[in-house]
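S.K.: Give me coordinates for this.
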Amino acid sequence: MTTDSFTQAIEPSRPPRQTNWVLVSLYGFALIWVAIVLAFSIFQPIKVLPRVSLAPGFVFTNQDGDRRTSEDYRGKLAVYSFTYADCKDRCIQTTPQMQSLRNALDLAPAMAVGVTLATITVNPEKDMNESWSQFAAPYLVNSKSKIPWDFLTGDPTRTRYIVGGGFSVFYQKDAAEVVSKLDPRFVLVDGWGIIRAEYRSELLDVSLVMRDIAYLEEEIRNSKGVARFAYEAAHLFRCYP
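M.R.: Next up, the predicted model:
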């Protein structure tokens, strides 16, 4: 065996340069990904509202007798509340709080996305047609408001599934079909029909709802093109306010 052959035999083989570049690229990509993860986890440069669950589909009738479905609210932000016309001493009437939210929305700067309000009765057996319209009338006297507001009623069985099951609103009725308990709740749904915020409180914090609407408007306005991946990362790393 010659000297050159012996030297080649004992020297370790060297990986091709192309392999080195592949490894460097992989390490670089991993470092960039780690930096992104740390940035979103620690600094949270983008704030988003959580995607809680899919809102239920429905078919109702509003105070004017017009048919309303969940599809009518697609592409808009919708705030839902739940009550009934005879909600007086036995429960907390949330409708005036929805009116306060409507007033705040009217005073807010113009938004790129539409906002609508919807109040659903949990006692459609009694709140039908004229009686429900009479209940809604005092809250709709402001004809100059730019915020649509539907007072919805419909089939009792479907209402039970939609309100109790889909929106997870707890209420009870006695043997005489009188509502004996209703937990106050407000729900914010985005234009894709996804529940983004739930407010389980006797007193609605209007400023909090306005803040959440602003978050959603910013997400809708900016999550296009490459920026969409940044917002998806914010959801992935739970960058919630």
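S.K.: which residues of the chain fall in strands?
M.R.: 53-54, 59-61, 67-69, 77-83, 115-121, 149-152, 171-173, 179-182, 186-189, 194-199 (DSSP state E).
S.K.: Now tabulate these in TSV and tack on mean pLDDT.
M.R.: Converted to TSV, the strands of the chain look like this (pLDDT from 0 to 100):
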stretch	mean pLDDT
strand 53-54	96
strand 59-61	96
strand 67-69	97
strand 77-83	97
strand 115-121	97
strand 149-152	97
strand 171-173	84
strand 179-182	83
strand 186-189	98
strand 194-199	97
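S.K.: Columns mean neighbour count and distance to Ser100 on top of those strands, output as JSON lines?
M.R.: C-betas here are computed from N, CA, C, even on glycine. Putting the strands of the chain into JSON lines (neighbours: other CB atoms under 10 Å; distance: least, CB to CB, whole Å) gives the following:
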{"stretch": "strand 53-54", "mean neighbour count": "12", "distance to Ser100": "27"}
{"stretch": "strand 59-61", "mean neighbour count": "19", "distance to Ser100": "24"}
{"stretch": "strand 67-69", "mean neighbour count": "13", "distance to Ser100": "23"}
{"stretch": "strand 77-83", "mean neighbour count": "24", "distance to Ser100": "11"}
{"stretch": "strand 115-121", "mean neighbour count": "23", "distance to Ser100": "11"}
{"stretch": "strand 149-152", "mean neighbour count": "24", "distance to Ser100": "12"}
{"stretch": "strand 171-173", "mean neighbour count": "16", "distance to Ser100": "23"}
{"stretch": "strand 179-182", "mean neighbour count": "16", "distance to Ser100": "19"}
{"stretch": "strand 186-189", "mean neighbour count": "24", "distance to Ser100": "12"}
{"stretch": "strand 194-199", "mean neighbour count": "19", "distance to Ser100": "13"}
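S.K.: Save those as CSV, and put in distance to Lys224 too.
M.R.: Converted to CSV, the strands of the chain look like this (distance: least, CB to CB, whole Å):
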stretch, distance to Lys224
strand 53-54, 23
strand 59-61, 32
strand 67-69, 27
strand 77-83, 17
strand 115-121, 20
strand 149-152, 30
strand 171-173, 40
strand 179-182, 40
strand 186-189, 21
strand 194-199, 18
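S.K.: For Ala108, which of these is the nearest?
M.R.: Ala108 sits nearest to strand 115-121 of all these, at 9.0 Å, using CB to CB.
S.K.: Can you spell out which helices and strands pack onto that closest one?
M.R.: Applying 3 or more CB pairs under 8 Å, 6 or more residues apart in numbering; DSSP states H and E, one finds that strand 115-121 makes contact with strand 77-83, helix 95-107, strand 149-152.
S.K.: hmm, try it at 10 Å
M.R.: When contacts are defined as 3 or more CB pairs under 10 Å, 6 or more residues apart in numbering; DSSP states H and E, strand 115-121 sits against strand 59-61, strand 77-83, helix 95-107, helix 130-136, strand 149-152, helix 156-159, strand 186-189, helix 206-222.
S.K.: Dump those to JSON lines, plus distance to Trp21.
M.R.: Formatted as JSON lines, the helices and strands packed on strand 115-121 follow (distance: least, CB to CB, whole Å):
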{"stretch": "strand 59-61", "distance to Trp21": "60"}
{"stretch": "strand 77-83", "distance to Trp21": "49"}
{"stretch": "helix 95-107", "distance to Trp21": "56"}
{"stretch": "helix 130-136", "distance to Trp21": "69"}
{"stretch": "strand 149-152", "distance to Trp21": "61"}
{"stretch": "helix 156-159", "distance to Trp21": "63"}
{"stretch": "strand 186-189", "distance to Trp21": "50"}
{"stretch": "helix 206-222", "distance to Trp21": "36"}
